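*Asks:* Quick check, what structure comes out for this input:
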Amino acid sequence: MLQAISLSKNYQSFRALNQLNLTVNPGEVYCLLGQNGAGKTTTINLFLGFITPTEGKILIDNIEVSPYDNDRRKQLAYIPEVVMLYGHLSALENLDYFSKLAGFSYEKELLTHFLSQCGLATSAHQKQLSGFSKGMRQKVGIAIALAKNAKIIFMDEPTSGLDPKATEDFTQLVKQLAAEGKSILMATHDIFNAVSVGSHIGIMKQGELIHTLQASDISAADLQKLYLQTI
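*Replies:* Numbers count the residues shown, from 1 in each chain. Here you go, the predicted model:
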């Protein structure tokens, strides 16, 4: 579903990403680990079309994507570390607005269904987002991804700042999305969550993918040891 082939990005003389080869199939959760500046966010920004590659190819559903292929990128959704929504609007109003921006118009019942599917309590659907916790805002962000019918979801540090209960809720939601066939690429510093939620794990350093692992083949303790040795 998602593929990078020899993908590189230069900023003048600085090589931010070097010859990345990466594949995320339907139903997989690929977790990218690495220090700040390792190339995780650059990778996501390239896939999203926020920046253009210096070299290499990006394939979505086996079709090469040009930097301005907006139709193909409609299949993508992005959940950043801080989900930027309108605080003066309710969860339902935000979902309705962003769904319409993506070309979808839903009845209130279906909007409510998307929010409930993402674990947002019914009592919060009509409340303004200005009073929401980070975990609640994330649920609205994921509901927007569902409403867009996105096949591929990118997440950048999604568990940063979440308490243990919110992290567990998020983990179960990501597993649910993967079970529905979504392809998920997640940049994270959370080693334990990567083992818990990921199907594949990559460790990046200085713009290069150093290790690629099956999450089922390694424990959190061994991954932490490998990660510390790598960085």
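*Asks:* ok, which stretches of the chain are strands?
*Replies:* For the chain, the strands defined by DSSP state E cover 2-11, 14-24, 29-33, 55-60, 63-64, 76-79, 152-156, 183-187, 200-205, 208-214.
*Asks:* Relative to Ile144, which of those is closest?
*Replies:* Ranking the strands of the chain by proximity to Ile144 (C-beta to C-beta) places strand 76-79 first, at 7.0 Å. (C-beta placed from N, C-alpha, C; glycine too.)
*Asks:* That closest one pairs with which strands?
*Replies:* Here strand 76-79 is paired, per DSSP bridges, with strand 152-156 (parallel).
*Asks:* Need the contact partners of the strand it pairs with.
*Replies:* By C-beta atoms under 8 Å, 6 or more residues apart in numbering, the residues outside strand 152-156 that reach it are 1-2, 24, 40-41, 44, 47-48, 60, 75-81, 142, 145, 174, 177, 182-188.
*Asks:* Please tell me how far it is from the chain's geometric centre.
*Replies:* The chain centre lies 2 Å from the centre of strand 152-156; the measure is C-alpha atoms, centre = their mean, to the nearest Å.
*Asks:* picking up where we left off before, buried ones among the contacts of strand 152-156?
*Replies:* Restricting the contacts of strand 152-156 to buried positions leaves 1-2, 24, 40-41, 44, 47, 60, 75-81, 142, 145, 174, 177, 182-188, with burial counted as 16 or more other C-beta atoms under 10 Å.
*Asks:* and the longest helix for this structure?
*Replies:* If each helix of the chain is counted by residues according to DSSP state H, the longest one is helix 164-179.
*Asks:* Return the set of buried residues in that one.
*Replies:* Within helix 164-179, the residues scored as buried using 16+ other C-beta under 10 Å are Ala166, Thr167, Asp169, Phe170, Thr171, Leu173, Val174, Leu177, Ala178.
*Asks:* Extract the C-alpha set from that helix and format it as CSV.
*Replies:* The C-alpha coordinates for helix 164-179 follow below in CSV (Å, rounded to 0.1, in the frame of the first residue of the first chain):
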residue,chain,number,x,y,z
PRO,A,164,-1.2,5.3,30.7
LYS,A,165,-4.9,4.9,30.3
ALA,A,166,-5.0,7.2,27.3
THR,A,167,-2.0,5.3,25.8
GLU,A,168,-3.8,2.0,26.2
ASP,A,169,-6.9,3.3,24.6
PHE,A,170,-4.9,4.6,21.7
THR,A,171,-3.1,1.3,21.3
GLN,A,172,-6.3,-0.6,21.1
LEU,A,173,-7.7,1.9,18.6
VAL,A,174,-4.6,1.5,16.3
LYS,A,175,-4.9,-2.3,16.5
GLN,A,176,-8.5,-2.0,15.5
LEU,A,177,-7.6,0.2,12.5
ALA,A,178,-5.0,-2.3,11.4
ALA,A,179,-7.5,-5.1,11.7
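*Asks:* Quick check: mean pLDDT of it?
*Replies:* Summarised as a single mean, pLDDT over helix 164-179 is 87.
*Asks:* Equivalent analysis for stretch 122-135, please.
*Replies:* In this model, stretch 122-135 has an average pLDDT of 92.
*Asks:* Show me what that stretch is in contact with.
*Replies:* Residues external to stretch 122-135 that are found in contact with it (C-beta under 8 Å, 6+ apart): 82-83, 85-92, 94, 112, 115-116, 136-137, 140, 161-163, 166, 169-170.
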